[in-house]
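Return atomic coordinates for the entry below.
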Amino acid sequence: MSVGSAIGAGPAPRHHIVTAIVENKAGVLARVASLFSRRGFNIFSLAVAPTDDERFSRFTIVVDVESAPLEQIVKQLDKLVNVVSITELAPDEAVEREMLLITVEVGPSARQQLADLVAHAGATVVDSDRDAGVDVQRMTVMLAGTPSAIDDFEDTLRPLGIVELQRTGRVALPKLGPRTAPVLDVTPARGAAGALQGEAG
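Have a look, this model is predicted:
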């Protein structure tokens, strides 16, 4: 299968963004992860969630450019019978977002600094340990934004003392406009028609 490049002018991208619509059946996630592991493809992040059609789930896979030529990624995904369609998104033609949950531990002198950083970034305090005492307080902060904004916010909070953090991995859709990423249709060995049961996990 040939793949048209969606990479525009500018610095060479460090990663591919590949989205795949798959049948919502048990074991699909394990098969996709196993495929990438066997081939030695370095995955930056992998996000899986249902689509607006309960029969299908959407995979958003961010893969290191150097470890995995795009053609090889598509070729290998094409072999999975549960894959319905594949879309390659160039980073400069995609709307990318990620969510961060981060818990920090701050004393009285740093609470105003944390409040200022949260307000500046557009983040939200979603939990706090009000029984931790007057000297130290733990707060959990949420931020949704571009991967670079998440990186910057994490680096900004690091000097305050990070207790725990969790990132979702990025999700992406093509930018709206005349230039859109090519959709690579794949015909599964088993048709996707009819009621499909189970989960992609």
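
Let me see the ranges of the strands in this protein.
15-23, 43-50, 56-64, 83-89, 94-106, 124-128, 137-145, 162-167, 171-174, 183-185 (DSSP state E).

Mean pLDDT lowest where, among those?
Mean pLDDT values for these show the minimum at strand 183-185, a mean of 50.

now Phe32, nearest residue through space, not along the chain?
Wrong residue type there; residue 32 is Val, not Phe. Phe59 (6.3 Å; CB to CB, 6 or more residues apart in numbering). C-betas here are computed from N, CA, C, even on glycine.

hey, what's that neighbour bridged with?
Taking DSSP bridges as the rule, Phe59 bridges to Ala20, Val48.

and it, what is it in contact with?
18-22, 29, 32, 46-48, 200 (CB atoms under 8 Å, 6 or more residues apart in numbering).

buried subset of these?
18-22, 29, 32, 46-48, 200 (16 or more other CB atoms under 10 Å).

thinking again about what came up before, rebuild the contacts of Phe59 as JSON lines, extending it with distance to Val63.
Converted to JSON lines, these look like this (distance: CB to CB, whole Å):
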{"residue": "Val18", "distance to Val63": "7"}
{"residue": "Thr19", "distance to Val63": "12"}
{"residue": "Ala20", "distance to Val63": "12"}
{"residue": "Ile21", "distance to Val63": "17"}
{"residue": "Val22", "distance to Val63": "16"}
{"residue": "Leu29", "distance to Val63": "16"}
{"residue": "Val32", "distance to Val63": "12"}
{"residue": "Leu46", "distance to Val63": "9"}
{"residue": "Ala47", "distance to Val63": "13"}
{"residue": "Val48", "distance to Val63": "15"}
{"residue": "Ala200", "distance to Val63": "18"}
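
quick one: the nearest residue to Arg58 once chain neighbours are set aside from Lys175, how far?
Excluding the flanking residues, the one nearest Arg58 by CB to CB, 6+ apart is Thr51, at 5.1 Å. According to CB to CB, to the nearest Å, Thr51 and Lys175 sit 19 Å apart.
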